[in-house]
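J.: this one's structure only:
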Ligand SMILES: [Zn+2]
């Protein structure tokens, strides 16, 4: 995959900046992880170029094969596995032996390893980098251990914290870092990049579905979402078809429903939809009904990360969506 041009521009701007801790923040899908890794590559590269890492030297090669001795990647185990980073031998053994599942949080054990890494001398002589992503996935113990390390930085180590919800970080962590807010790509730039990764017809619809965040759109496409499925979603919900959301993780299902509801409210208020095309939407609903549905969706979001029963939750969500969409129609248009 090519480095998106808006990420490359940020690498050029940030790579020369001094400072021992950098916080990359902004909503998901703008490329926090990609930018963080590109900066780590640039800082550790043996022949850095104005645009960042050279891509050819032993250091760049070591990062490409995930074995750089001076780069410590601190992530939830689920993210490590998804992005192709090796776990520690001990962690991998515990998961292989089914003693526990891969963690969705950054584990305190991993953080202790990172603190130890920060105190060692650089193996390749170009300093060391700790990349933390998503930084908000630390519990209080891990966050405080990291804070202590940020307060007493060892000379050679630089931290990159990449976050999609930086308001969840300790304020004391945020204040120790140089803050950088991810730059939004121009719509045509995002579309051009995404169209090189997935079929262009899908790219346009999914980029809209993702609210203009290209990496989110790519992730959804890779998870199997097609333009057709997305475009048909609002009307399928109006018909009460649970299959429209089947296989979606509950949090993503709620997100999609919020987008349906958002667009219907926009249309009801005389505006334009943002995530769907106007022809995708069923008959306009009354604002009051939609507002009530919106509030319920916000409540659902709280339980969506850990639903008691994901299947039942989806059924309830679709049933509620159908009511929300139907009660809004003029009585004559209702089905019997
Ligand atoms: Zn290099």
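T.: Yep, that arrived. Just so we're clear, the structure is a prediction, and the values are computed from it rather than from any experiment. Numbers count the residues shown, from 1 in each chain.
J.: tell me which element the closest residue in space to residue 51 that isn't next to it in sequence is part of?
T.: By the measure of CB to CB, 6 or more residues apart in numbering, the closest residue to residue 51 outside its immediate chain neighbours is residue 12, 5.7 Å from it. No exception for glycine: its C-beta is placed from N, CA and C like everyone else's. Residue 12 is located in helix 5-14, with elements delineated by DSSP states H and E.
J.: so what secondary structure elements neighbour that helix?
T.: helix 32-44, helix 187-197 (3 or more CB pairs under 8 Å, 6 or more residues apart in numbering; DSSP states H and E).
J.: does residue 122 sit in a helix or strand, and which one?
T.: Applying DSSP H and E as the criterion places residue 122 outside every helix and strand.
J.: Hmm, it is touching residue 158, no?
T.: No: between residue 122 and residue 158 there is no contact under CB atoms under 8 Å: 10.9 Å.
J.: between the two, which one's more packed in?
T.: Neighbours were counted for residue 122 and for residue 158 using other CB atoms under 10 Å; residue 158 has more, 20 against 15.
J.: does the more buried one count as helix, strand or coil?
T.: In the three-state summary, residue 158 is assigned as strand, counting by DSSP: H, G, I helix; E, B strand; the rest coil.
J.: Quick one: residues contacting it.
T.: Neighbour list for residue 158: 19-22, 43, 127-130 [criterion: CB atoms under 8 Å, 6 or more residues apart in numbering].
J.: give me the beta-bridge partners of it?
T.: According to DSSP bridges, residue 129 are recorded as the beta-bridge partners of residue 158.
J.: now the one 4 residues further on
T.: For residue 162, the beta-bridge partners under DSSP bridges are residue 24.
J.: Verify the stated contact: it with residue 33.
T.: Yes: judged on CB under 8 Å, residue 162 makes contact with residue 33 at a distance of 5.6 Å.
J.: okay, and the common contacts of these two?
T.: residue 133.
J.: So for these two, which sits in the more crowded spot?
T.: Between residue 162 and residue 33, counting by other CB under 10 Å, residue 162 is the more crowded of the two (27 against 20).
J.: gap between that one and the ion?
T.: Residue 162 sits 21 Å away from the ion when distances are taken as CB to the ion, to the nearest Å.
J.: So what's the residue count around residue 84?
T.: So residue 84, with other CB under 10 Å, has 7 neighbours.
J.: Would you mind naming the helix or strand containing residue 109?
T.: In this structure, residue 109 sits in helix 108-119 according to DSSP H and E.
J.: same for that helix, what does it pack against?
T.: Using 3+ CB pairs under 8 Å, 6+ apart as the test, helix 108-119 ends up in contact with strand 71-74, helix 89-96, strand 128-132, helix 140-151.
J.: give me every residue that touches the residue lying closest to residue 123 once chain neighbours are set aside.
T.: Here the nearest residue to residue 123 in space, its sequence neighbours aside, is residue 69; by CB to CB, 6+ apart that works out to 3.8 Å. Taking CB under 8 Å, 6+ apart as the definition of contact, the neighbours of residue 69 are 62, 123-124.
J.: just residue 213 next, same as before
T.: Applying CB under 8 Å, 6+ apart to residue 213 gives the contacts 27-30.
J.: what about burial for those residues, which qualify?
T.: When the contacts of residue 213 are checked for burial by 16 or more other CB atoms under 10 Å, the buried set is 28-30.
J.: between those residues, which is closest to the ion?
T.: Within these, the smallest distance to the ion is 25.0 Å, found for residue 30 (CB to the ion).
J.: follow-up on the earlier one: phi, psi for the residue nearest to residue 123 please.
T.: Dihedral angles of residue 69 (phi, psi; degrees, to the nearest 10) stand at phi -70, psi -20.
J.: Quick check: it vs the ion, distance?
T.: As defined by CB to the ion, residue 69 lies at a distance of 15 Å from the ion.
J.: Then residue 57?
T.: The spacing between residue 57 and the ion, counted by CB to the ion, is 3 Å.
J.: Give the burial count for residue 111, as a bare number.
T.: Burial of residue 111 is recorded as 22 neighbouring residues (other CB under 10 Å).
J.: Next, the contact list for it, please.
T.: If you count contacts by CB under 8 Å, 6+ apart, then residue 111 has 74, 138, 142, 145-146 around it.
J.: same deal with residue 124?
T.: Taking CB under 8 Å, 6+ apart as the contact definition, residue 124 lies against 44, 46, 58-59, 62, 68-70.
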